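**Student:** Give me the fold of what follows.
(one chain, ligands or ions: 1)
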Amino acid sequence: MKEKMLTAFNKQINAEMYSAYLYLSMEAYFQSINLPGFATWMRAQTQEEMMHAMKIYDFVFERGGKVSLEAIDKPASSWDSPLAAFKEVLKHEQHVTSLINDLVDLAIKEKDHASNIFLQWFVTEQVEEEASADAIIQRLKLTKDSGSGLFMIDAQLGQRVFTMPAADTAE
Ligand code: FEO
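**Tutor:** Okay, the predicted model is just below:
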């Protein structure tokens, strides 16, 4: 793998680890305001981000590259409301989408077809990441801070279970 591509993948591992850290911090926030379902959703999201980081880690290794880990930034530890937290999730995911798009652009520029194909999974994943955050924002807006509305959303979000994609458990 070319040096430029390797550097960019290593940066993306850090971005995915930061995502996990951010959502773990949000889990702690939701636990602190007694919304266990929101916290469960964030735990699953944290595990998903760790899986994203490891997927890239394994790919770099498979291509003969050396993974090098950088420091992970400190995330915020509280938000004004559940809606404020989910607005940050969406904003963050839009940022990650732009990072993935930049990686695809680089893979094309470097004529690195294997990386380009690998990254397509992330392109599709980001569509889902943004859509699920946006759907929760819309539900939270409908509740207009009503306690019973929040309680219902909390019950729904609490049903989320993280499952490792089949391709990642095959080996
Ligand atoms: Fe790994 Fe939420 O993007």
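
**Student:** Name the residues of the protein found near the ligand, please.
**Tutor:** Within reach of the ligand by CB under 6 Å from any ligand atom, the chain has these residues: 16, 19, 49, 52, 93, 96, 129. All C-beta atoms are positioned from the backbone trio N, CA, C, and that covers glycine.

**Student:** Isn't the last one up against residue 91?
**Tutor:** So that's residue 129. No - applying CB atoms under 8 Å, one finds residue 129 not in contact with residue 91, separated by 11.9 Å.

**Student:** More neighbours: those two, which one.
**Tutor:** Shown here are residue 129 and residue 91; by other CB atoms under 10 Å, residue 129 has more neighbours (24 against 10).

**Student:** so who does residue 97 touch?
**Tutor:** 126, 129, 130 (CB atoms under 8 Å, 6 or more residues apart in numbering).

**Student:** let's see it at 7 Å
**Tutor:** By CB atoms under 7 Å, 6 or more residues apart in numbering, the residues touching residue 97 are 126, 130.

**Student:** Can you lay out the residues of the chain next to the ligand as a markdown table showing pLDDT and secondary structure?
**Tutor:** Listed next are the residues of the chain next to the ligand as a markdown table, based on pLDDT from 0 to 100; DSSP: H, G, I helix; E, B strand; the rest coil:
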| residue | pLDDT | secondary structure |
| --- | --- | --- |
| 16 | 98 | helix |
| 19 | 98 | helix |
| 49 | 98 | helix |
| 52 | 98 | helix |
| 93 | 98 | helix |
| 96 | 98 | helix |
| 129 | 96 | helix |
